[in-house]
Structure formats: structure tokens, C-alpha cells
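Colleague: Dropping the sequence and predicted coords here.
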Protein chains: 4
Amino acid sequence: MQKVKAAIVGASGYSGEELVALLARHPRVEIVAVTSRQAAGQAVGEVFPRMAGSSIAGMKFVEPSVDALQKTGAATVFLALPHGLAAEFAAPLRKAGVQVVDLSADFRLKSAEVFAEFYGEKHPAPELLAESVYSLPEICAEAALKGAGVLACPGCYPTSILVPLVPLLRRKLIEPDSIVINSLSGVSGAGRKADVALLFAECNESLRAYGAPKHRHLSEIEQELCVAAGAKVTVNFTPHLVPVTRGMISTIVVKPTAGTDAKAVEAAWREAYQGRPFVRIVTHLPDSKHVTNTNFVDIAVREDARTGRLLLFSALDNLGKGAASQAVQAFNVSQGWDEATGLV
Amino acid sequence: MQKVKAAIVGASGYSGEELVALLARHPRVEIVAVTSRQAAGQAVGEVFPRMAGSSIAGMKFVEPSVDALQKTGAATVFLALPHGLAAEFAAPLRKAGVQVVDLSADFRLKSAEVFAEFYGEKHPAPELLAESVYSLPEICAEAALKGAGVLACPGCYPTSILVPLVPLLRRKLIEPDSIVINSLSGVSGAGRKADVALLFAECNESLRAYGAPKHRHLSEIEQELCVAAGAKVTVNFTPHLVPVTRGMISTIVVKPTAGTDAKAVEAAWREAYQGRPFVRIVTHLPDSKHVTNTNFVDIAVREDARTGRLLLFSALDNLGKGAASQAVQAFNVSQGWDEATGLV
Amino acid sequence: MQKVKAAIVGASGYSGEELVALLARHPRVEIVAVTSRQAAGQAVGEVFPRMAGSSIAGMKFVEPSVDALQKTGAATVFLALPHGLAAEFAAPLRKAGVQVVDLSADFRLKSAEVFAEFYGEKHPAPELLAESVYSLPEICAEAALKGAGVLACPGCYPTSILVPLVPLLRRKLIEPDSIVINSLSGVSGAGRKADVALLFAECNESLRAYGAPKHRHLSEIEQELCVAAGAKVTVNFTPHLVPVTRGMISTIVVKPTAGTDAKAVEAAWREAYQGRPFVRIVTHLPDSKHVTNTNFVDIAVREDARTGRLLLFSALDNLGKGAASQAVQAFNVSQGWDEATGLV
Amino acid sequence: MQKVKAAIVGASGYSGEELVALLARHPRVEIVAVTSRQAAGQAVGEVFPRMAGSSIAGMKFVEPSVDALQKTGAATVFLALPHGLAAEFAAPLRKAGVQVVDLSADFRLKSAEVFAEFYGEKHPAPELLAESVYSLPEICAEAALKGAGVLACPGCYPTSILVPLVPLLRRKLIEPDSIVINSLSGVSGAGRKADVALLFAECNESLRAYGAPKHRHLSEIEQELCVAAGAKVTVNFTPHLVPVTRGMISTIVVKPTAGTDAKAVEAAWREAYQGRPFVRIVTHLPDSKHVTNTNFVDIAVREDARTGRLLLFSALDNLGKGAASQAVQAFNVSQGWDEATGLV
């Protein structure tokens, strides 16, 4: 079986490290390059002591450059870069016919104007937006993903929110203007960057909301909710930073449309996610510790008879289903493989 | 200055320990007894190594009994017991003219029926409900608290929710049927009890909602919100367990009434809490780490222009303002002292 | 390829859960039963929500009994039980010709007297001691392990200590009477048991030594060190409980014999562990976070020129190389398979 | 009662913040200035939200300069600065007759050569070394501390090590060449600095030794041990970083001299620390959670009959007795006040 040659750019961050680990044991992938400005010249096993002893422990990080990437013969390049920077690689790589799997926000929004509104800068490569696919495999059309040239992989918050909500909006089971979302994220979601606010001594024994009321992820959340509802959807979204390394949960309060109860929600989920191995409809309230280091997203529903609202719950690993493993899942689908290849 | 003789019953739990520490350095209190079934016979400094070296390190825990408490001459008894059990002490103590400061749920609800609905058992001492005062000092009438015989101290969730909401409902600044509350609690809130679900290895790296949609604290939350609104108020309330020892935050989404904006909210808070040392109206989003080991509750507001809703935030220490130090604060007011006595 | 039928007894504890997860994806094992007193009647996917969606999610836990185990046709039974209880299963199972892989302390000591000294009770099945193999695959003779009927799997502390020390004692590179060991363990090492001392609120923000100076694991540590040294070895060993869920490190201070330096230590390790995939000789100081959820043990050495002593360091996952995955590794060797089967 | 005017330089770090909090409620101190490069222009209550509502919440941080400090009329200046930088302030301040309480390493060593060896740079103000007092109040001579011009406050590791060891060396109860020290430190000990290695996601679920075999604090540890022993003392010292915000424990293994047992050790401690409120000789193994946010250091001893060695244990708060509150304690003694002033 021929393997797909793949490179990972920005591989020394948390999502990048996760990608390297996943792709190193992927049966249909050959890693041909890993890049990192800070780690260039060092071996994978040195930079990630956890990977010492793995098959690519000896591979050296290289300086990122489009030229160098092309010379590796990579057919697919995974970008684990900050927004803005990702597009600088994606544009020339696409011209050269390379498939781009982007974990940044650069190609998630269909509208360059919305990007400018939420990210405070002009979109760096608007010409690629039409081609890009919002690559949440359980939500997007399989046909769109197959053979896609630019996979725009969703963020962790959007994944935790779209998986429970999209099937309900598509089936008009909930009122689109009633959605209130609270999410809790582990600290690795903020990236491996030297920032005093992310120090152990600042995050431990600390609970705090942040980014309210207009977190950047809100733009892609609402874009996809609008598509699902076929109408304008505006939501309240409040993210919180809590002291876990990995993990994310979302609690969503919605008003059901007439006749919708918890059973109807579960039925809609079962129908939508039938045969999808990574969405688990659970009866307990989801707990992030049951999904860390996996590609699962657990979802559950409760009726609040007193207020007539429904409570939706989800849990995932912000670096797994919320980032790296979901990117691999989408890549699998784009290649026409089983979506779970290399993920179980 | 004559000191008030006080006893603490159920002193070996987390709230009890906190009460012992606070009252031991309270300038107007003399601790005459601490009781605990498990710790009876042991000294305070043994059971709480943190208190070795304090003035009451050598005091022995005794078996709890109403007789023994009366013999100590205690004028006030603090009850840090599970619900149901607290009433068994409160009733005879009241008959004997002793002031009761109760940290359990037994006397928080005005209605024995609501108690039965939420706690699943008959109220153990309904005859005391009329006399009891829901003792959130910044919310309840000072006149009611002064000289009160039964202080029903609020739980941690209610305190974090009522402080931001009550002034707004009183002034009709928000829609009573629009309230969606998400709260995060540290693990000490569940008490010092041998329960597998509370083990370090179960709570660390874990994020989970629980008790939804009908947590017991909802009963007192709604009781007090109804009083404030002068109308029926039903809310969505979802508590979450997160890996901190101490700390609690609440995030509340509400629809404002016409003309209410963030400034109006802050103005209402300033008016309501003028001169109250323990409510801090802050401009940043409250962080539990800034209030742990204090009696402060920090509150803040944000407008979400996109949905037209308001976001209210609060942070407190679940064992401090959410339990023991608030009980001391209420007790201070009941005695006619400055509410901050012994708390700063 | 025919699979070996295996059962796991005491499967609802932390080590048991880990074993179930490992054996469920082991290519040469078929799990035929999982037992648990508390969980009997429930499905694996219910008791371990993390395993929902796995191949054995629907398997029901059964009450543990030797009869029931035999009826399953299990050729190998893994025992993840407290000491004393394990022997009650091991003895009849051995009589019936079943291979026993025991994670408890029951068969680690060659001497029933030493067992009685350290565990405070008579050995429950001394007749099996001769047959049992202390199954640290990198230390024990492969010939002894192959086909062994009773695999006595080492504890987490002993593994972290024996791996760095045994090759040095065998080669007389260090003074046997100079060994001072300090170990740090994550809380899962104490098991999934309802114990106030293991609550999150007791272990978080807490650092404490315990079990000094005569922790039970000392007995097997010294037994194996004596074998390696060919002489009596007595060591200082102080375990500490620290707030991580998984992970263990040991720091060992020793006096080298004349001429031994760090290079000689590393050379001895390289020779001893050549070709062994799970021992990594590293140049940085080992960090538990690089080995959690793996079967690796990382070791390193430093010279302290000022005191003339050597510092040895190790890190492993107390539930992995310190328990479940090491048991699987030893089982692999006992079956004549590659030791890494099912572990990478 | 006249108050002493005090300034805190470098007040925005962890030790600095702690000093500000302690001195703000010290009954005999008036804070006249707090300095910080990063925080200059901001109010104390903004930079430290925990201190909003305190008496000095409104005080503005100023740029640090010797001139500015002198103009405040400060009689005492606390320096919470990195080593090297502290001396730049200390030298001119001393010339101006200002008392300096230094929390850095600049004046702890009597020898500029040892400073150069351990800190890799020339001592910045050797002329002050003779005047400086190593200000561990329970160890140093009260007469030296009274009226001292330069208080060199010990680091956290040295405090946790010297308190248990010094009385034993002074009385020749232990063998000076037998000392092996292992210490565990909370992450706040590394300071509030943007460093990837100190991120929550790097420190959580991580256990690691570091700085071995020649940590900088070793220089002052051995200096003081030599003084106590009246002879050369060289020790093994291995610090470890563990995931707590605050807290430190040390475990020390020593050989007793003939006739010394645990009772002799406790007797020596009782004699040495009689009347000292902050050293607690405990019978349980010290736990850092019992001393956080206090100025206590807990110590205990165990005999290891099997090896003939003694185990000494200590616990303190690295920002309390290991830094800020100990500095205040030493300052109290230097002023001729009760050492506990403002600390209980």
C-alpha cells in the first residue's frame, strides 16, 4: 500500500505535537518533514521526549519554507500555525498542487469580511475561501470533503458546539434565537506560548470567563449554525478557562420548538450520527476525562421541565477531536479512506 | 469587652474547619466547644494540623449533644451539619433560647412543601421556618437579621447568583423568565466525605456538569429571586464540578428590559451595595483565585450587543463567602456589630 | 492466529481498568470475562465511559468466582486485586492449570516470613512462591518468564527503582550500603477507593511523605537488589504523595565504587537494556509527563562531583510500566511473543 | 505608635505581591511606595485584583529608582528583585542610610568568590557583604539582626533545610558528610515570568527533578551548614518541580552520630526553637497544605532502624516562610518588635 507523503508545519506547538504523534503511527502516511522556527535543527525525540523511541524520533525539525516543503515531495501539508501565518503557506502550496490541511482559522470563514471583523485584519488569501471546506466530518458533506484541496479544520469550541446543535437546527427542533452556550476549556487550548496569564501559578486554583461576549470562534460557530438552520442564528457564547491541561465541555441551553423533547433530540442525533464512530450519545452527563487522548465527542441531553428548555452537553479533547485527531479524521475522508484510519 | 460564647457543631468538615479558624481569631467570640462524631476526643491541633499553634489548638472535640452544648453556656451555636441533621439540634437549642447559625439547607426555604420536593423528605422542624432569616447580609433586611434566633445561611451557588441578580430584579432591569445560569464549583463544596467520585484521580483533569436540571440549591435560588422580582421566577441552573479545591464562579445570561444596559446594571449594583465591604464591582471578568480565602464576592457585567442579552459574572470562595465567612458576617450583623468584624 | 482467552479479575479498579483497555486491543488476546463485585451486572462501557464504543463496551462485569472463571475457558487470568485476596484466586486457578498474572504483592516475595513481616499477616498460599516469577521483564531471566505459571508483577515503586539500580549492582559499580531513594507518586497509585485522605481537596495543593521508613514495597525492592548485588542490601526509601493523577519519579543517590562515573553507568545501562524497547536512557532529567499512558521508563544519571556521589533518576507511569502495561509485557514474554505486542 | 515607612521594589512578582499584602496590614508599617517596571502607573487594586478593597488598593505603582525611593521618606526598602539587580538598589540606599530587606540572593553569601562560582557573575556590591545578616530569625543571632542595615533573607529551599539541620549540626548529633536532601517545590517559586517551561500545560501532571547536582541555593545551604557544624559540610541536594502553586517539602536522610535517636533530635529541636512561634515540631509527616499562606515551618523526624539512618522532614510555604513572611519576621526582629507582629 502506497503511503501519502505528509509534512507538518508549526509542529512544535501543542496541536503540532499531537499531529506528529498521530501521523507517525498512521498506517497510510509517511511523514517527510516537520518544521518549526524554534526547534529547527533539533530531533523530534529531543523536542518531544515523549516521542523518543518512536519511528521518527531521529527526524530533524527544519525551518519552515514553501520551497523546502515542495522539495520533500509532500502531497499533503498540515498547518498548525497561528491565523494569518497559515495562509502564507497555504496559498503557494495550493498553487503547487499540494493538499493543505489547515488547523488555523484562516479558511474556516466563507466571508473575508467576517474574518476582518473577528480577527481585526484583512484576510490574507481570500481567493482560497471558495475552495476551502469547513472540515467537521460529521457535519459537512462527504462529497465536499473527498479530494478537497483546502481542509479548514474547526476549532475546539465550534466542534463541541456544532456536533450537538447542527442536527437539531437542521430538523427545526429548537428555536434558533434561544441558544445560550457556556464552554470550559483546558489550558493547552491557548497554545504553547510564553504568556504570564497561562503560567501554572496563574491557572491553577483559578476559574475565569474570558473573551466574552465576542470570542473569535463565535464567527465560525454562527456561520455553521446559520447554514444548518437556513436562517440567521445569533448565539450567546461564553468561554471559560479552567485548570485542566486537556479537555473541553460545553453546556447549551435552548428552547425546543413545539413537540420537541429529549427523546426527539436523541433520535435526531442517532439519525445524524448513525455509523459515525466518534460521536457517542451518552446517558450520563459527559465528563472530559472520558474523552481525553481520543477523537470522541460525547453528547447528552436533559429536559428542564420547569423552564421548558432543553440542556445539551458535550465533551471532547481540545487537542484531539477539537484539533489534531479531527484534522486527521477529515484528511482520511478527503483521501477516501475509512475516517477512523490511524485513530483507534 | 464581653465575648459571645459560641460552639461549632459538625466542626470536622470543610465548612466546620473554616468556621473554627475564623471564630478562633474573632475578637468578640469565645469558642466554648467544637463537636464532631469522628474526631471526638482529639484536639483541634491534631485534627487540623494547620491550626497547631493557634489559641485553640489544645481544645478537644466532643461528641455532639444538645445537653453538652447547653452546659457550655454557648449563647450561639453554629451548625455545620448535613441537612436534616441540623434541625435535630436547632429545635431544642432554640427552645433553650440559644441562637442558631445554621449552614445547612434546613431553614433556608420558607415552605416545608418546597423542602420536601427538593430534598425528598419531610421537613424536620417546620415550626422554626417562620422565625428563620435567609441570611445573605447584602440582600436581606438588616432589621430582620438583628437579633435573629435562626440564621439560615445561604449555600455557595445561591450566594454567587443572588448577589448579581437580586438588585436587577428588584429594579425590574431584567426579564425574569430569561435567566440562564451556569456555575463552576471547586471540589471542597461537596464536603469532606469518602466518596469515590470526589477522589483526586476522578476530579483532576475532569470537567463535568452534574445535578442538572434540578439541583437542590435551585429551590432557595428561586425563592429569593421571586421575592426580589415580586413575581414567579423560574431559571435554568447548571452546576459544574471542576478541579479546584476552593472557588466558584457563575455566568448568568439575561435579557434586559427596555433601556437597560451595562451602565444601568452597574449603577443598580453600586446603589444596592454601597457601603458593603464584601461586594466588589469589578471591570475585569471575575477570577476565583482573587477571592479564595476571603469573604469577597466579585461581580461584573458585559453587554452582548449581538444578541441583546447581558452577561453577569460572579466569583467567590465556596467555603468563604459561600459558607463559613458569610455565616460569620451574618452573625456579626445579628449581634449589632460591624459586619466585617473578624473577617479582615 | 489463535488468540489466548484471558479474564481480568478486580477489573473495576485503576489497574484493572487499564488492563481491560490494553487487552481489549491486544492482537493476540480475547477477553472472555471481566469481574468486579461492585460492578457486576453492568457493562464495561457503562462502568468505564471512556471505553464506550470499544469492542468490549457491551461485555458485562460478572461476580468473581473461580468456577465462573474456569467456565469461560480462560487460559490466563489477570488478578488486579488487593494482596491476600489475589492468592485466594491464584491457588485454585493454578490447580486447574490456568496461568495467573498477578498484579498484587502476593507472589512477589520469595519468603513467606518477609511477607508476614511487611504485610502483617500469614502468607495465604506459600506453596505457590517457588513457582512464581518476579516479572520485571528487563530484569528477570527470559527463560524463567517463558511459560511461567504465576507471574508476580512488580509494583510501581520497585520498577522505578530496580530498573536504574539492578545493572549497577550486578556490575558492582555502586556501594550497596549507600543507597538513598526518594520517590514521588501520583494519587491513582493508591487505588480507586473511598478514602478521605485521597479526596481531591486533600491531595490538591498538598505535598507529603508517607509510609516512611518501612513502606511495604521496600520488601520486594530489597529482595531484588540483594539478588542483583549477591549480598545483603538495605536502603532508605521514602515515598511521597503528590498531586498528579498518573506518574512516578524516583531520585536515587548512591556512592560509586572506585572508578565509576556517569559514563560507566550509562554504558552499563546500555548493555543491560540493549534491544529492550521500553527503557529509554535519556540525557535530560526524566519528567513523568513524557511517559504517562506509555510503557516506557526513562532513566538518567548525573555526577555530583562535590560529594562524589551519583544521582540516578527514573520516570514511569504508575498505572503503565508500574502496573498494567508491564503486566501485559511480562505476559507477552511468557507466551513467547514480542514483548511489545499490543503495547505500541 | 509611630509607623515605619516602607517601600517595596519589584512588587509585581509573586514575592513582591505577598510582601505588599503582608505589609499593608502590618500594624507598625506604612507603605509609602510600591515599584514595578511593568506595572508603573497602575493601581495596586488593578494589578492585584485580590487586593481591591484593601487599604492600599488605590496606590499607584511607580518606576523603580533610588531617587524616587528616597523622596518617599522610606526608612526601610524591601527588594523583591532578581539577583544582581537587587544590589544596584541596595548599595545607594545603604549609603543614604536606608535599611534594606533583600529577598534576592545578592547578600546571602559571605564570599564574593562563592557568589561568582554559583551565579556565574562578579558580585555586584561586595562591600556590603560584611554588613549583611543571613536573616533566618530562628537560626541567626538576634543581636546581629537587631538594627541590621542589610537583611539577606534566605531562599525557600535553604529555609526548609536549615531549620531541621542546623540545631543537629550544632550539637554534633549527625554526621556532616552523610546528608542527602530531596526537596519538592511549588511552581510559584520560579517567579511570575513568561517561560514556556512554567506553563500550566507543562507543569500540570508533571514531576521532574531539575537543577541537579548544583542548584544555586546549594551555596547558601552549605555556607550555613558549615557555620553550624564548625566544619566543612558538603551535601547532596536535588530539587524537584511539582504541580502545586505554593508549598515546599524537604526530606533529608542523615547518619546520626553514636547515641543519637529520634528523641534526641526532637529534644534538640525543642531546645533550639523554644519560644519560637513559627517552628512546629509535629508527630505526623509534614504536609505542605497545612502551612500554605502561613509563616509556619513544620518539622518531624523518623528513625530508620533498618539502615541506622534518620529521616528529617519539613514543610513550608515557599512564598511565606520561604520568602515574604519570613522577610517580615526578620524585619520585625531587626526593629526590636515581637517577631510575629503582623504575621498572625
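Modeller: Yep, it's here.
Colleague: For the rest of this, base every contact and every neighbour count on C-alpha atoms.
Modeller: Noted.
Colleague: in stretch A:133-148, what's buried?
Modeller: A:133-139, A:142, A:144-146, A:148 (16 or more other Cα atoms under 10 Å in any protein chain shown).
Colleague: From these, which land in strands?
Modeller: Mapping those onto strands (DSSP state E) picks out A:133-134.
Colleague: Can I get the buried residues of stretch A:133-148 in JSON lines including distance to D:V47 and pLDDT?
Modeller: Shown next, in JSON lines, are those (distance: Cα to Cα, whole Å; pLDDT from 0 to 100):
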{"residue": "A:V133", "distance to D:V47": "44", "pLDDT": "98"}
{"residue": "A:Y134", "distance to D:V47": "41", "pLDDT": "98"}
{"residue": "A:S135", "distance to D:V47": "42", "pLDDT": "98"}
{"residue": "A:L136", "distance to D:V47": "41", "pLDDT": "98"}
{"residue": "A:P137", "distance to D:V47": "44", "pLDDT": "98"}
{"residue": "A:E138", "distance to D:V47": "45", "pLDDT": "98"}
{"residue": "A:I139", "distance to D:V47": "44", "pLDDT": "97"}
{"residue": "A:E142", "distance to D:V47": "51", "pLDDT": "94"}
{"residue": "A:A144", "distance to D:V47": "50", "pLDDT": "96"}
{"residue": "A:L145", "distance to D:V47": "48", "pLDDT": "97"}
{"residue": "A:K146", "distance to D:V47": "52", "pLDDT": "97"}
{"residue": "A:A148", "distance to D:V47": "49", "pLDDT": "97"}
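Colleague: Closest one of the buried residues of stretch A:133-148 to chain D?
Modeller: A:L136 (25.9 Å; Cα to the nearest Cα).
Colleague: give me phi/psi at that closest one?
Modeller: When read as degrees, to the nearest 10, the backbone of A:L136 gives phi -100, psi 100.
Colleague: all helices of chain A, in order?
Modeller: With DSSP state H as the criterion, chain A has helices at A:14-24, A:44-47, A:66-71, A:85-95, A:112-119, A:142-145, A:156-170, A:200-203, A:217-229, A:262-273, A:324-334.
Colleague: and stretch A:305-322, how far out from the chain's middle?
Modeller: 16 Å (Cα atoms, centre = their mean, to the nearest Å).
Colleague: Any part of it near chain B?
Modeller: Yes: using Cα under 8 Å from any Cα of the partner chain, stretch A:305-322 reaches chain B at A:306-307, A:309, A:311.
Colleague: Give me the neighbour count for A:N293.
Modeller: 18 (other Cα atoms under 10 Å in any protein chain shown).
Colleague: Just to check, A:A7 is in contact with A:L69?
Modeller: Yes: if you go by Cα atoms under 8 Å, A:A7 and A:L69 touch, sitting 7.2 Å apart.
Colleague: Kindly point out which residues are neighbours of both of these two.
Modeller: Here A:A7 and A:L69 share the contacting residues A:A33, scored by Cα atoms under 8 Å, 6 or more residues apart in numbering or on different chains.
Colleague: Quick one: name the residues of chain A near chain D.
Modeller: A:187-188, A:192-196, A:198-201, A:203-204, A:243-245.
Colleague: Show me how to select, in ChimeraX, the buried members of the residues you listed.
Modeller: Selecting only the buried entries of the residues of chain A next to chain D in ChimeraX, with 16+ other Cα under 10 Å as the criterion:
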select /A:187,188,192,193,195,196,198,199,200,201,203,204,243,244,245
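Colleague: what's the closest of the residues of chain A next to chain D to C:S334?
Modeller: A:T245 (37.6 Å; Cα to Cα).
Colleague: mind listing the strands in the stretch 201-344 of chain A by residue range?
Modeller: With DSSP state E, counting those that start in this stretch as the criterion, the stretch 201-344 of chain A has strands at A:208-209, A:236-241, A:248-254, A:279-281, A:297-304, A:309-316.
Colleague: which of the residues of chain A next to chain D come close to chain B?
Modeller: Okay, of the residues of chain A next to chain D touching chain B (Cα under 8 Å from any Cα), that's A:204, A:243-245.
Colleague: so how far is B:A201 from the residue in the stretch 201-344 of chain A that chain C sits nearest to?
Modeller: Going by Cα to the nearest Cα, chain C is nearest to A:H290 of the stretch 201-344 of chain A, at 4.2 Å. Computed as Cα to Cα, to the nearest Å, the A:H290 to B:A201 distance reads 12 Å.
Colleague: what distance separates the start and the end of stretch A:326-344?
Modeller: First residue to last in stretch A:326-344 (Cα to Cα) measures 12 Å.
Colleague: residues in contact with that stretch?
Modeller: Counting by Cα under 8 Å, 6+ apart, A:19, A:22-23, A:25-27, A:101, A:103, A:135-137, A:142, A:145-148, A:151, A:153, A:277, A:294-295, A:320, A:325 sit against stretch A:326-344.
Colleague: 7 Å - rerun?
Modeller: A:25-27, A:135-137, A:145-148, A:153, A:295, A:320 (Cα atoms under 7 Å, 6 or more residues apart in numbering or on different chains).
Colleague: Okay, buried residues for that stretch please.
Modeller: Under 16+ other Cα under 10 Å, the buried positions of stretch A:326-344 are A:326-334, A:339-340, A:342-343.
Colleague: what two of these have the greatest distance between them?
Modeller: The span of those, defined through Cα to Cα, is set by A:S334 and A:L343 at 15.1 Å.
Colleague: Next one: the closest residue to chain D within chain A from D:K193, what distance?
Modeller: Chain D sits closest to A:F200 of chain A, with a gap of 3.7 Å, by Cα to the nearest Cα. The gap separating A:F200 from D:K193 is 11 Å, by Cα to Cα.
Colleague: Likewise for A:L79?
Modeller: Counting by Cα to Cα - A:L79 and D:K193 are separated by 29 Å.
Colleague: so A:N182 makes contact with A:V235?
Modeller: No: assessed by Cα atoms under 7 Å, A:N182 is found out of contact with A:V235, at 10.6 Å.
Colleague: if you count what's nearby, which of these two comes out ahead?
Modeller: A:N182 (24 against 20).
Colleague: can you pull the contacts of that one?
Modeller: With Cα under 7 Å, 6+ apart, A:N182 has these contacts: A:237-239, A:250-252.
Colleague: Give me the pLDDT value at A:A315.
Modeller: We have a pLDDT of 98 for A:A315.
Colleague: Tell me who's in contact with it.
Modeller: Counting by Cα under 7 Å, 6+ apart, A:A315 has contacts A:160, A:248-250, A:286-288, A:297-299.
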